[in-house]
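>>> Attaching a predicted model along with its sequence, questions to come.
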Amino acid sequence: QVEVVESGGGLVQAGDSLRLSCTASGLTSSSLRMGWFRQAPGKEREFVAYFSSTGGSPSYANSVKGRFTISRDSPKNTVILQMNPLKPEDTAVYYCAVVLRPLFGGDKTVWDIYNYWGQGTQVTVSS
């Protein structure tokens, strides 16, 4: 049984940084493909970033490109989302998700393609 757990959210001021961590357990393959999504109150869930250990550069939403960085951490089943600098519009619940098959192009941004989800972690950025 696959379990996905996020951590690292919190309340910060605009311009600050946060580091979100996502760990997946129960995977039967050494391949790791993870996406970060976020959902603000009253808004649709939106894609933030995607990482694959099997090749290809990380992918980012335009709204976070240049500010957020997604990378693999030790242990190898962990992915980090480094967010800096944060803006008030980044306020949302951030979700990590695992997908079992390779994704290409715009598929990475489609949340219902992902197989397993974490419970979410709140990020609040004050102005």
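Thanks, I have the structure now. Numbers count the residues shown, from 1 in each chain.
>>> Looking at strand pairing, list the partners for residue 68.
Per DSSP bridges, the residues bridged to residue 68 are residue 83.
>>> Tell me how many other residues surround it.
If you count neighbours by other CB atoms under 10 Å, residue 68 ends up with 22. C-beta here means a position set from N, CA and C on the backbone, and glycine is covered the same way.
>>> Next, the contact list for the nearest residue in space to residue 25 that is not next to it in sequence, please.
Using CB to CB, 6 or more residues apart in numbering and skipping the chain neighbours, the partner closest in space to residue 25 is residue 3 (4.9 Å). By CB atoms under 8 Å, 6 or more residues apart in numbering, the residues touching residue 3 are 24-26, 116.
>>> nearest to residue 33, of those residues?
residue 24 (9.7 Å; CB to CB).
>>> List the buried residues for the helix or strand hosting that closest one?
Under the criterion of DSSP states H and E, residue 24 resides in strand 18-25. Of the residues in strand 18-25, 18, 20, 22-24 count as buried by neighbour count, 16 or more other CB atoms under 10 Å.
>>> Quickly list what the residue positioned nearest the centre of the chain is bridged to.
In the chain, the centroid-proximal residue (CA atoms, centre = their mean) is residue 36; its distance is 2.1 Å. Here residue 36 sits in beta bridges with residue 49, residue 96, going by DSSP bridges.
>>> gap between it and residue 87?
Distance, residue 36 to residue 87, using CB to CB, to the nearest Å: 16 Å.
>>> again, but for residue 124
Taken as CB to CB, the span from residue 124 to residue 87 is 12 Å.
>>> again with residue 45
Computed as CB to CB, the residue 45 to residue 87 distance reads 19 Å.
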